[in-house]
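S.K.: Mind folding the following:
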Amino acid sequence: MLKELIIAIQSYSQAHQFIIKHKLWKWILIPGLLYTVLFLTGMYYFGQTAGDFIEWMAMKTGLRGWIDQFSNSFVGFLFVFGTALLWLIMMLLYFSLFKFLFLIIGSPVFAFLSEKTASIIEGKDFPFSFTQLGKDILRGIRLALRNSVWQTVYVLSILLLSLIPLIGWLTPILAVLVECYYYGFSMLDYSMERQKKTPAESIFYIGNHKGLAIGNGFIFYLMHMIPIIGWILAPSYAVVAATLSTYPNSSKN
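M.R.: Numbering: from 1, shown residues only. Modelled structure (predicted):
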């Protein structure tokens, strides 16, 4: 898995050079700008909602009053820290649902961009077909829905674990790893479809190459630490990087 993680991470640097060389910017900026607007809007409103929900739960369950009875600063610290972790997990849950919604909306562009990348690497044109593009879009939507269900199950389970003292402190790491895997999974599947793998074969292949998926998703999330520019570039860079990672021995032209 370590080798695959390194391949996936290095593929982002190769993707940057690839995009510049082959002038693919319009396929990067258009979906990236849409993603950024939706991301900012959603994070603002959901962030407020999550904070209000946690405060409401603390009041309804009597937890807030129980904590206020203690003058122990350590108990107060545990409450604040636990609240922050719960808020973080809820934000990750929102981000996972938003991400899959955007994958569905952007699937036509992502499918085309992955195919364009592969055609340049292999030095041949894949004949364009609206029928095939439609199949790619439907497959992407089905797989995104399938992954969103499984990821939601895992994240909700992690959310419950976050309520357990001490053990819950590790849950954000688990949640991020799950997020990385399923996002990278969606990016890699565009290449799997082009290789004529069925959804079941794609699931089996990526399940046996988790490093490629986790590495791709990890850099995608890491790019969000760069405001605006990182948000704009992250989605399409992930597509190109995932495609390049399936050609580890290629010169990437």
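S.K.: Report the secondary structure element holding the residue lying closest to residue 32 once chain neighbours are set aside.
M.R.: Setting aside the residues directly before and after it, residue 32 is nearest to residue 232 in space (Cβ to Cβ, 6 or more residues apart in numbering), at 3.6 Å. Glycine gets a C-beta too; all of them are placed from N, C-alpha and C. If you go by DSSP states H and E, residue 232 is part of helix 229-245.
S.K.: Kindly report the same for residue 139.
M.R.: Secondary structure (DSSP H and E) places residue 139 in helix 130-161.
S.K.: and the very next helix or strand once past that helix, what other elements does it pack with?
M.R.: Using DSSP H and E, the helix or strand that follows helix 130-161 in sequence is helix 171-194. Helices and strands touching helix 171-194, by 3 or more Cβ pairs under 8 Å, 6 or more residues apart in numbering; DSSP states H and E, are helix 73-122, helix 130-161, helix 199-207, helix 210-222, helix 229-245.
S.K.: Out of those helices, which is closest to residue 182?
M.R.: helix 130-161 (4.6 Å; Cβ to Cβ).
S.K.: which of the residues in that closest one are buried?
M.R.: If you call a residue buried by 16 or more other Cβ atoms under 10 Å, then helix 130-161 has these buried ones: 136-137, 139-140, 143-144, 147-148, 151, 154-155, 158-159.
S.K.: residue closest to the middle of this structure?
M.R.: Most central in the chain under Cα atoms, centre = their mean is residue 183, positioned 3.6 Å from the mean C-alpha point.
S.K.: In this structure that one contacts residue 110, no?
M.R.: No. Judged on Cβ atoms under 8 Å, residue 183 makes no contact with residue 110 at a distance of 11.8 Å.
S.K.: Give me the mean pLDDT for the helix holding residue 232.
M.R.: Mean per-residue pLDDT for helix 229-245: 91.
S.K.: May I see the buried residues of the helix or strand containing residue 9?
M.R.: Element membership of residue 9 [criterion: DSSP H and E] is helix 2-21. By 16+ other Cβ under 10 Å, the buried positions in helix 2-21 come out as 4, 5, 7, 8, 9, 10, 11, 12, 14, 15, 18, 19.
S.K.: Next, count neighbours for the residue nearest to residue 150 when sequence neighbours are not counted.
M.R.: Once flanking residues are discounted, residue 150 sits nearest to residue 182: 7.3 Å by Cβ to Cβ, 6+ apart. Using other Cβ atoms under 10 Å, residue 182 is surrounded by 26 other residues.
S.K.: List the residues that contact residue 182.
M.R.: 96, 147, 148, 150, 151, 213, 217 (Cβ atoms under 8 Å, 6 or more residues apart in numbering).
S.K.: State the pLDDT value of the fifth one.
M.R.: It stands for residue 151. Note for residue 151: predicted pLDDT of 77.
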